[in-house]
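Sharing a sequence plus its predicted fold:
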Amino acid sequence: MAEPRRPAEGCSPRNTDCLERPLRRLFEGLGSGVAACPWPFVLVPLLLSGGLGAGFLFLPQREENDIEGQFTPTWGPAKADRDFVRQHFPTDDSERFSSPRLPTEGAYAALIAVAAGVESVLGPAAWRDVLQLDAAVRARGYEQLCARSGGACASPNPLLSLQGDAAAVALENLTFPVSGGIFLGAALGGVQTDAGGRVLSARALKLVYYLREDGPAAAESQRWLESFLKDIPSELAALDFASIQVTYFTSLSRQQEFEGNTESVIPLFSITYFLTITFSVVSCLRLSCIRNNVWLACCGVVSAGLAVLSSFGLVLFCGVPFVVTVANAPFLILGVGVDDMFIMIASWEKSLRKKEKSGVKSLLAETYAEAALSVTITTLTDVLAFFIGTWTAFPSVRSFCLYTGTAFVFCYIYTMTFFGAIIVLNHKREQGNRHWLTCMPVGVDNDQAEKSCLYNACCIGNCSTQSFQLETKQPESEHPMSIFFKKYYGPFFTNKWIKLLVVLLYGAYLAGSIYGCTQIREGIDLRNLASDDSYVIPYYDDEEKYFSAYGPRVMVVITERVDYWNETVRLGLDNCIQNLEDISYVDKNLSESWLRVYTKLENSGLINIYNKTLFINNLIILFQIVPSFEWDINRTRDEIEASRFFIQTVNVTSAIDEKNLLNQLRETAKQCSIPLMVYHPAFIYYDQYLVIVQNTIQNVVVAAAAMLVVSLLLIPNPLCCLWVTFAIASVIVGVAGFMTFWNVSLDCISMINLVICIGFSVDFSAHISYAFVTSGESSANKRAIEALSLLGYPVLQGAVSTILGVVVLAAAKAYIFRTFFKIMFLVILFGALHGLVFIPVFLIFFGNFGRSPHNTKCKNLELRFRNDKDCP
């Protein structure tokens, strides 16, 4: 940082450290206080963590892993539509069950039977196996709990009614997708037909066993489904079908498999802590039994662990839901906590090398003046990014940001108190010339003087015994990695041809990122909520392969009273339905409308519907012909409060199709003069497409603006802040673009990481650019080399330590955790690439514009970065 200005100098557009100076004085005072009395700063965090950690007792009560509640927009339109349908079209699954008319998915067990080889599932052998499979399910007591219609269980598949010799004849004369007035699009898959629509073969058949969920039967149905999931694998193995392969799924499966994700990642915590402790110890390891900083490294990791314990306990006390996405947070916090530890140790070592500083109070005061400000800047930017991330429509994102943002605050507090006090106690041990492990005094005698250099280094504290001095009084040499960046790396990138190559590389990076952004996929695929080895994955695969031609059967609801008996109104309504049917995702031949049938009855002369009384009274005739239409009309004695029709969607095979379908249906319904609403239970999840991009852009823009303000306040050089803004924008575009190439969609999980991306972009860019603009070197090339020599290794070490914190997630079997790793890897990779390659080269080109007005020699900048030098 630039040298202190004279007291007469105030804040100006070119002189902006008026906030930095009082903060430095504040941290100097804190450092002196910690050094004067370290034990309270050790004990209080431990006791506080123990007390707040009691909040984990509330964890079972706070767990909220409901998929719909956590991964769909809080105020999604489809949720309000569902409430309307429930209110106006109540269900009765013990007397008049109809699956297309359910406001929810219902309670069910589904099986897909796929014919072995290239055979047809309608072939004799395969059909016998299907009937045997059906009998096995019914033998589990299904008929006592089944959803009923017309006094009988709702059929799992309309073709199951074909029995005996008549079955073979009927199967040979099936037509598709409608046969005998029955829609088979959801019952048969992989169908091949002749020119007349007659079924030649079908590869798959779906059986869906619906259970009652109204009233007291709901609990019994859930127990039946749980028993089904427990026993069906062994039952299928016992049946050992030769002609079909069976996959299965239930209405409980998605939720159960999702909740199991948290348990699968728990073993990875121990691996992460082992890697982090090992990395920290190796970084701080020395061939000296006195100045070995192993305990500092271990306590730095403990400090991060205490932050997780305290923050999570506090937030659990406050009643914030704990969702599976929060399980990612400890991995990230551990990496950040270790980075803060490196700052403190490096600043402390730098203070020790100054001979004029001898007292522990003055040493720690100077350490805090430099390191604490750096930690404050990076923590503040990260915490702001997380708390801004709570302004979202997705509860899972909100919970993650609250837990992680609070953990960052505790990590900062414990680094400033607990770890600072550990530094003081460790210094006192060194001053007493005590062994790092046993704390016993270390000395030299004549016998030891004859020992090897390695023995003396490990057991005495110094390789040479000719002139024994305490290791703590010897000056430190420059770190080898700093020498590498100064003598080799920096000059390499100042070569004109290398600079040209870097510009071309950045052009390719930017072009690829922008192209990736145009190809980005939106929304979370529900199959990704289960682990890779889950039984639901084969079911999803079969469903996508054989049953994706026909999509949701959508309700079209007239939400207000209208004059159905008015022919003009009927024509207008029919025109609206036709507009919906004209959408490319709708098959107009498969629509179902009670009003059209009613109108045909009137046209045939059977009834008269030209006034209100006749229209209402003659509905009984319609219900006698098609009983299910009675469930589509909500009427009082003399009014029709609401009614509904059905349209069949087709070819909805991707997230883009789902988004387009929803938008086109709602837009077309909105343009109708009659109040219409379109609804299907799947629209609850489709609603994420309406807000995911908007929420992401909103959070990223607001967070980036906040980062710029923080940078302007705490980094005393406005031009440096412009480079920070450039890096933020460039890294975000890169991460958003390249995550498409890594098969990551823009969903709740990736949105979290894009917010994190902002804070880490500041970490990697701010201090390299500030080191450049405050350098006192004469040329842009030399200023770039100096900036890299000071901060190149800290950037590299920061990238490595942060990736170590999340790398184990790459081995997770769940999409949620792998996605977290993928995007964090991209964030760190592109952040380090900007800090070490792109920004230094661009600063050289624009060096004259970024020169500090004071032309001050850069000092102490290696400590103004989250990921500073490791222990020398």
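On my side now, so go ahead. Numbers count the residues shown, from 1 in each chain.

just the helices in the stretch 51-200 of the chain please.
Remark: helices assigned in the stretch 51-200 of the chain by DSSP state H, counting those that start in this stretch are 59-62, 67-71, 77-88, 124-137, 143-145, 164-172.

which stretches of the stretch 651-800 of the chain have low pLDDT?
Scanning the stretch 651-800 of the chain with the threshold set as pLDDT under 70 gives 714-717, 766-767, 770, 774.

which stretches of it form helices?
In the stretch 651-800 of the chain, the segments counted as helices under DSSP H, counting those that start in this stretch are 655-671, 683-686, 688-714, 718-741, 748-773, 780-806.

Return the list of helices and strands in contact with the first one.
Contacts of helix 655-671 with other secondary structure elements, assessed using 3 or more C-beta pairs under 8 Å, 6 or more residues apart in numbering; DSSP states H and E, are made with strand 550-558, helix 567-581, strand 676-679, helix 683-686, helix 688-714. Yep, even glycine has a C-beta here, placed from its N, CA and C like the rest.

Pipe the ones you listed into CSV and attach distance to Glu95 per row.
Formatted as CSV, those follow (distance: least, C-beta to C-beta, whole Å):
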stretch, distance to Glu95
strand 550-558, 20
helix 567-581, 29
strand 676-679, 23
helix 683-686, 26
helix 688-714, 35
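
Quick one: closest of those to Thr518.
The minimum distance between Thr518 and the helices and strands packed on helix 655-671 falls on helix 688-714, with 12.6 Å, by C-beta to C-beta.

Okay, angle between that closest one and helix 77-88 too, please.
Relative orientation of helix 688-714 versus helix 77-88 (axes from the mean of the first three to the mean of the last three C-alpha atoms, to 10 degrees): 140 degrees.

any idea of the angle helix 688-714 forms with helix 718-741?
160 degrees.

what packs against helix 688-714?
Using 3+ C-beta pairs under 8 Å, 6+ apart as the contact definition, the elements that helix 688-714 packs against are helix 373-388, helix 655-671, helix 718-741, helix 748-773.

still on that earlier bit, closest one to Val503 among the helices of the stretch 651-800 of the chain?
For the helices of the stretch 651-800 of the chain, the distance to Val503 is smallest for helix 718-741, at 13.4 Å, taking C-beta to C-beta.

for that closest one, packing partners?
In terms of contacts (3+ C-beta pairs under 8 Å, 6+ apart), helix 718-741 is packed against helix 496-518, helix 688-714, helix 748-773, helix 815-833, helix 839-845.

and the helices and strands packed on helix 655-671 as TSV, adding distance to Ile844 and mean neighbour count?
Rendered in TSV, the data for the helices and strands packed on helix 655-671 read as follows (distance: least, C-beta to C-beta, whole Å; neighbours: other C-beta atoms under 10 Å):
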stretch	distance to Ile844	mean neighbour count
strand 550-558	56	22
helix 567-581	60	16
strand 676-679	58	23
helix 683-686	50	22
helix 688-714	21	19
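
Please identify which of the ones you listed is closest to Val375.
helix 688-714 (11.5 Å).

and that closest one with helix 748-773, angle?
Angle of helix 688-714 versus helix 748-773, following the same axes, to 10 degrees, is 20 degrees.

Now do helix 688-714 against helix 655-671, angle only.
Using the same axes, to 10 degrees, the inter-axis angle of helix 688-714 relative to helix 655-671 is 100 degrees.

start to end distance for stretch 526-538?
When the termini of stretch 526-538 are compared using C-alpha to C-alpha, to the nearest Å, they are 13 Å apart.

if we can go back for a sec, point out the most buried one among the helices of the stretch 51-200 of the chain.
helix 67-71 (a mean of 19; mean count of other C-beta atoms under 10 Å).

Contacts for it, please.
With contacts defined as C-beta atoms under 8 Å, 6 or more residues apart in numbering, helix 67-71 is touched by 64, 254-255, 258, 321, 323, 325, 394-396, 399, 524, 526, 529, 684-685, 688, 747-748.

Can you flag the buried ones in those?
If you count burial by 16 or more other C-beta atoms under 10 Å, the buried members of these come out as 254, 258, 321, 323, 325, 394-396, 399, 524, 529, 684-685, 688, 747-748.

now, which of those sits nearest Ile290?
Minimum distance to Ile290 across the buried ones among the contacts of helix 67-71 is 45.1 Å, recorded for Thr325 (C-beta to C-beta).

mind checking pLDDT for the nearest residue to the closest one once chain neighbours are set aside?
Nearest in space to Thr325, with sequence neighbours left out and distances taken as C-beta to C-beta, 6 or more residues apart in numbering, is Phe400 at 4.5 Å. Phe400 is assigned a pLDDT of 89 by the prediction.

my read is Phe400 is in a helix, agree?
Yes - when DSSP: H, G, I helix; E, B strand; the rest coil is applied, Phe400 is found to be in a helix.

what's around it, how many residues?
For Phe400, the neighbour count with other C-beta atoms under 10 Å is 30.

I'd like the distance between it and Ala327.
Phe400 sits 9 Å away from Ala327 when distances are taken as C-beta to C-beta, to the nearest Å.

coming back round to it: OK, contacts around the residue nearest to Thr325?
By C-beta under 8 Å, 6+ apart, Phe400 lies in contact with Val323, Thr325, Val326, Asn328, Ala329, Gly389, Ile752.

same thing but 7 Å
Under the criterion of C-beta atoms under 7 Å, 6 or more residues apart in numbering, the neighbours of Phe400 are Thr325, Val326, Ala329, Ile752.

Let me know the closest of these to Val282.
Taking C-beta to C-beta as the measure, Ala329 is the one of the contacts of Phe400 closest to Val282, at 25.4 Å.

any idea how far Leu306 is from Ser270?
Using C-beta to C-beta, one obtains 17 Å as the distance from Ser270 to Leu306.

Who has more neighbours out of the two?
The neighbour comparison of Ser270 against Leu306 (other C-beta under 10 Å) goes to Leu306, with 25 against 10.

Show me where the stretch 251-400 of the chain has its helices.
When assigned using DSSP H, counting those that start in this stretch, the helices of the stretch 251-400 of the chain occupy the ranges 253-284, 294-317, 329-352, 360-367, 373-388, 395-414.

can you redo the helices of the stretch 51-200 of the chain as a markdown table with mean pLDDT and distance to Gly805?
As requested, the helices of the stretch 51-200 of the chain are arranged in a markdown table below (pLDDT from 0 to 100; distance: least, C-beta to C-beta, whole Å):
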| stretch | mean pLDDT | distance to Gly805 |
| --- | --- | --- |
| helix 59-62 | 90 | 22 |
| helix 67-71 | 86 | 24 |
| helix 77-88 | 94 | 37 |
| helix 124-137 | 92 | 47 |
| helix 143-145 | 92 | 48 |
| helix 164-172 | 62 | 59 |
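
I'd like those laid out as a markdown table, including distance to Arg198.
Converted to a markdown table, the helices of the stretch 51-200 of the chain look like this (distance: least, C-beta to C-beta, whole Å):
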| stretch | distance to Arg198 |
| --- | --- |
| helix 59-62 | 57 |
| helix 67-71 | 41 |
| helix 77-88 | 37 |
| helix 124-137 | 17 |
| helix 143-145 | 33 |
| helix 164-172 | 8 |
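
Nearest to Ala703, out of these?
For Ala703, the closest of those is helix 67-71, at 21.6 Å, according to C-beta to C-beta.
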